[in-house]
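Engineer: would you be able to build a 3D model of this:
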Amino acid sequence: MSDPERSPAAQISPAESPKLSELLTLAVGVVVVAALYLARDVLVPITLAVLLTFVLAPLVRALRWLRLGRVPAVIVAVIVALAVLSSIGAVIGSQIASFAQDLPRYETTIRDKLEVVREQTLGRLTSVIAQIEQIRPGEAPGPAEPAAPQQTAPNGQNGQQAGQGGESDGPPSPLAFAQRWVSPVLSPLATLGIVLVFVTFILLQKEDLRDRFIRLFGSRDLHRTTVALNDAGRRLSTFFLTQLALNTAFGVLVTAGLYVIGLPSPILWGIVAALCRFVPYVGAWISTLLPLAVAAAVDPGWTMFLWTLALFLVTEPLLGQVVEPVVYGHSTGLSPVSVLIATVFWTWLWGPIGLVLATPLTLCLVVLGRHVERLEFLEVLLGDRPALTSTETFYQRMLAGDPDEVQDQAEVLLKTRSLSAYYDEVALRGLALAAEDAARGVLGPARIRTIAGSVCELVEELDEYDDHAPAPPIEGASPVEAEDEAAGDVPPGRMAPPPEARTGPWACPSPVLCIAGASPLDEAAAAMLMQLLGKHGLGARSLASDRLSRVHVAALNPDGIAYVCISLVESTGNLARVRYLIRRLRRQLPGVPILVGLWPDRDDGTEGESVRTTMGADLYVGSLTEAVNACVDAATATAVAQAATADTGAPRSGAPEQTPEPAPQSPLRAAAVP
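Structural biologist: Sure thing, here's the model as predicted:
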């Protein structure tokens, strides 16, 4: 007998060879990275200009709202940006010049502190080493090597070589002075001028550039392209302005704190802190190194050093852990790991400028991947959305044999939804994925039984949760809790009347008979249904479908059975069996309503309607919530009819004198076949 797990249908096919389109995509990626590296001198100013455009665009709109023309508004915005950047540069230059004058005094203080540390920490070690050297026998000095004779270059060649290799005694030439001092200053100014020129033209031709971009990449789907551009513009503009405001506030706080502490040049260190904070995660802490070094050099003691350290230890966590989550809404749309990887990548490509631009450029890639189908992998790799849906995570953990992680996921999701909603939207859909793999021959019977057993264990672990209405969604919830696919607003089942108010079969401890299909997955779904029925005041008992053959169904005791629920996850191939099962139940349990749960809810249209008509059940549902509500409605209708009969001694006026129908009409009856 062959093992079903090793049957040819259950074996995984070998990996396919990469397709031509995949190879072309890889080649394009390599070419793009090479172009970014080789053309960085051109692309860096353009990128800075585009990003600066997002910052200045709100100012231009405000000036246009003040009845200023487009060209004057753009010119004013660019002049404001130039003035701000020039002011920052002038302040940095003056602060550095002032700080450089006191460097000799700071050097003396540092030497004194090092000497104190050396005396207190290494003094005893030095004395021990000296004693060891005294005890060690001295070595006889060897013969001294004769010094090499100094060769004098004839004809004054030494002076000529000094003039070529080092600094000459005379004043430097104008060309050497320009190469040493003017060139390093002109290079950033030239880059700044190019950036401002690009910014001016981009702001003036904003609509025209947008139309050209749409014509090149998205003219076939104007709606999707417009949504993508609006999303990118909104996210980037909001991110830049918010980050600029927060970093400026951080720099102001650092400047004020260092001024109160008495550290020299506090404005310089505040500006450095604000600029370094553009580097994600580590920038703010890197900016603390220079102020701490200066504090250690200025103060002969350690008081200023400790106060400076305390300032950064309080300011950065306060801004990063309290203010930023409120402003950003707990997320910028980027994964923390992807930000670190992107920082290394862009720094390797573009140097220090790439270090600052890593986060905004990565955000652009995430937005691009969200709206371009072929680039969806960018959002999966770099975005903060879960890579798998809750259903896929549920099924993957069950396949991996890790039910503990499934329970952890369930506990997180149950904070924002009812137990029935979790079963309907996550667990049942996960079982449906397992049924699909079983139909394809990927999962064998042993694996199916293992998965079903793990699900039943999960149901037992979740028995402590009530099926109550979920709490309102928390603002800023995590991506798992706020997942669009999870329907947290699914209402829980209604509560059944108490046992003393019920009559007939409903007064029994277990009036609902739950019958699972032929698959172990059907048994797992039936276990969920029984648990939910119990939480709503209706006991249930289970019965395997193989116990309802022609021989066994005749021995079924109809007493205490008020409702029958048949659970089906794998309906393919079981429809004929279920049809015959319903016929046998009709003969043995006359008048008892029969409900068939086709889990999960499927939109199968006309084909599904014909299947339901062939089965011949009273009610068909696609969720556990509907099944629970159907049973509760039936129990409530029977209790209401019994109460009306007890109050009047006869049926209500106008009603025929007959026993109440044991199968009352349910609000969900609209889904049943006439």
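Engineer: per-residue pLDDT, the residue positioned nearest the centre of the chain?
Structural biologist: Residue closest to the mean C-alpha point of the chain, counted by Cα atoms, centre = their mean, is D384 at 2.4 Å. D384 is assigned a pLDDT of 76 by the prediction.
Engineer: where does pLDDT dip in the stretch 251-400 of the chain?
Structural biologist: By pLDDT under 70, the low-scoring segments of the stretch 251-400 of the chain are 328-333.
Engineer: now the helices for it?
Structural biologist: With DSSP state H, counting those that start in this stretch as the criterion, the stretch 251-400 of the chain has helices at 266-276, 283-286, 289-298, 303-318, 324-328, 336-350, 352-371, 376-382, 390-399.
Engineer: turn those into CSV, including distance to L229 and mean neighbour count.
Structural biologist: Any C-beta I mention is one placed from the backbone N, CA and C, and that applies to glycine too. Listed next are the helices of the stretch 251-400 of the chain as CSV, based on distance: least, Cβ to Cβ, whole Å; neighbours: other Cβ atoms under 10 Å:
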stretch, distance to L229, mean neighbour count
helix 266-276, 30, 22
helix 283-286, 30, 17
helix 289-298, 41, 19
helix 303-318, 35, 17
helix 324-328, 22, 14
helix 336-350, 22, 17
helix 352-371, 9, 20
helix 376-382, 16, 16
helix 390-399, 31, 21
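Engineer: the residue nearest to the centre of the chain touches V337, doesn't it?
Structural biologist: No: in this structure D384 lies outside contact range of V337 using Cβ atoms under 8 Å: 9.9 Å.
Engineer: let's have the helices of the stretch 251-400 of the chain in a markdown table, adding distance to A518.
Structural biologist: Formatted as a markdown table, the helices of the stretch 251-400 of the chain follow (distance: least, Cβ to Cβ, whole Å):
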| stretch | distance to A518 |
| --- | --- |
| helix 266-276 | 65 |
| helix 283-286 | 61 |
| helix 289-298 | 69 |
| helix 303-318 | 59 |
| helix 324-328 | 51 |
| helix 336-350 | 45 |
| helix 352-371 | 43 |
| helix 376-382 | 38 |
| helix 390-399 | 20 |
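Engineer: out of those helices, which gets nearest to V78?
Structural biologist: helix 352-371 (20.0 Å; Cβ to Cβ).
Engineer: element containing V455?
Structural biologist: Per DSSP states H and E, V455 falls inside helix 445-461.
Engineer: next, the angle from that helix to helix 390-399.
Structural biologist: 110 degrees (axes from the mean of the first three to the mean of the last three Cα atoms, to 10 degrees).
Engineer: check contacts around the residue nearest to A274 when sequence neighbours are not counted.
Structural biologist: On the basis of Cβ to Cβ, 6 or more residues apart in numbering, the spatially nearest residue to A274 that is not a chain neighbour turns out to be G251, at 3.0 Å. Contact analysis of G251 by Cβ atoms under 8 Å, 6 or more residues apart in numbering lists G270, I271, A273, A274, L275, R277.
Engineer: how about 7 Å then?
Structural biologist: G270, I271, A273, A274 (Cβ atoms under 7 Å, 6 or more residues apart in numbering).
Engineer: dump the residues you listed to JSON lines, plus distance to R502.
Structural biologist: Putting those into JSON lines (distance: Cβ to Cβ, whole Å) gives the following:
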{"residue": "G270", "distance to R502": "75"}
{"residue": "I271", "distance to R502": "77"}
{"residue": "A273", "distance to R502": "72"}
{"residue": "A274", "distance to R502": "71"}
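Engineer: which one of the residues you listed sits closest to V28?
Structural biologist: A274 (38.0 Å).
Engineer: hang on, the closest one packs against T248?
Structural biologist: Yes: contact status for A274 versus T248: in contact at 5.8 Å, counting by Cβ atoms under 7 Å.
Engineer: so, low pLDDT: which residues of the protein?
Structural biologist: 1-19, 116-186, 217-219, 221, 328-333, 469-492, 545-552, 571-574, 601-613, 646-674.
Engineer: domains of it?
Structural biologist: Per automatic domain parsing, the structural domains of the chain span 20-101, 390-464, 499-651+659-671.
Engineer: with distance to P264 added, can I get these in a markdown table?
Structural biologist: Formatted as a markdown table, those follow (distance: least, Cβ to Cβ, whole Å):
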| stretch | distance to P264 |
| --- | --- |
| domain 20-101 | 6 |
| domain 390-464 | 51 |
| domain 499-651+659-671 | 69 |
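Engineer: of those, which is nearest L290?
Structural biologist: Taking these one by one with Cβ to Cβ, domain 20-101 is closest: 10.1 Å.
Engineer: now find how far off-centre the closest one is within its chain.
Structural biologist: Computed by Cα atoms, centre = their mean, to the nearest Å, the chain-centroid distance of domain 20-101 equals 28 Å.
Engineer: neighbours around R417, how many?
Structural biologist: Residue neighbour count, defined by other Cβ atoms under 10 Å, stands at 23 for R417.
Engineer: and it, how far from P280?
Structural biologist: Applying Cβ to Cβ, to the nearest Å, the value for R417 to P280 is 33 Å.
Engineer: one more: T303?
Structural biologist: T303 is 32 Å from P280, by Cβ to Cβ.
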